[in-house]
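Colleague: Only the shape, not the letters, is given here:
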């Protein structure tokens with residue numbers, strides 16, 4: 001019903017920047033929350049940043065001041081601008097959409113993207 005397609009990952013040197021994008025497609029009426037997660041050292045996905053439909057944001061302490069999340073509600077797209085990247089930011093980044101209302105579907109669901117690799121070299 002809903003697909004999340006990520007782009008923008010890659011290899012960058014420490015101190016560099018990358019911009020991740022995630023576009024949601026399908027018969028979407030609304031998406032309450034969109035965000036980015038990464039696997040983390042314990043291999044449990046951890047929140048990197050999230051944004052609500054009204055623009056409220058939340059960040060992991062480790063990325064505050066370096067990463068900026070934004071979204072285009074008309075395009076059902078979320079972005080993550082990552083600046084001052086560090087080797088410890090190396091990970092697979094996953095896009096997430098929560099409380100997604102799909103046209104004709106009675107229950108709001110959550111969806112994940114396939115993940116995009118970000119590698120920061122020292």
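Modeller: Received it, and whenever you're ready, just let me know what you need. Predicted model only: the values in this text are computed from it and were never measured.

Colleague: My guess is residue 2 contacts residue 96. True?
Modeller: No. Here residue 2 does not reach residue 96: they are 11.6 Å apart, not a contact under Cβ atoms under 8 Å. Just so you know, the C-beta spots here come from the backbone N, C-alpha and C atoms, and that holds for glycine as well.

Colleague: And those two? Which one has more around it.
Modeller: Neighbour comparison, residue 2 and residue 96: the larger count goes to residue 96, with 20 against 17 (by other Cβ atoms under 10 Å).

Colleague: Which residue would you name as the spatial centre of this structure?
Modeller: Closest residue to the average C-alpha location of the chain: residue 36 at 2.6 Å, with Cα atoms, centre = their mean.

Colleague: so that residue bridges to which residues?
Modeller: According to DSSP bridges, the residues that bridge with residue 36 are residue 49, residue 95.

Colleague: Find residues that contact each of residue 2 and residue 96.
Modeller: Both residue 2 and residue 96 are in contact with residue 111, where contact means Cβ atoms under 8 Å, 6 or more residues apart in numbering.

Colleague: Now do the closest residue to residue 58 other than its chain neighbours, the pLDDT please.
Modeller: Once flanking residues are discounted, residue 58 sits nearest to residue 50: 4.8 Å by Cβ to Cβ, 6 or more residues apart in numbering. pLDDT recorded at residue 50 is 98.

Colleague: Could you check how many residues crowd around residue 50?
Modeller: 20.

Colleague: ok so, going back, the residue nearest to the centre of the chain is in contact with residue 96, isn't it?
Modeller: Yes. Using Cβ under 8 Å, residue 36 makes contact with residue 96 at a distance of 7.2 Å.
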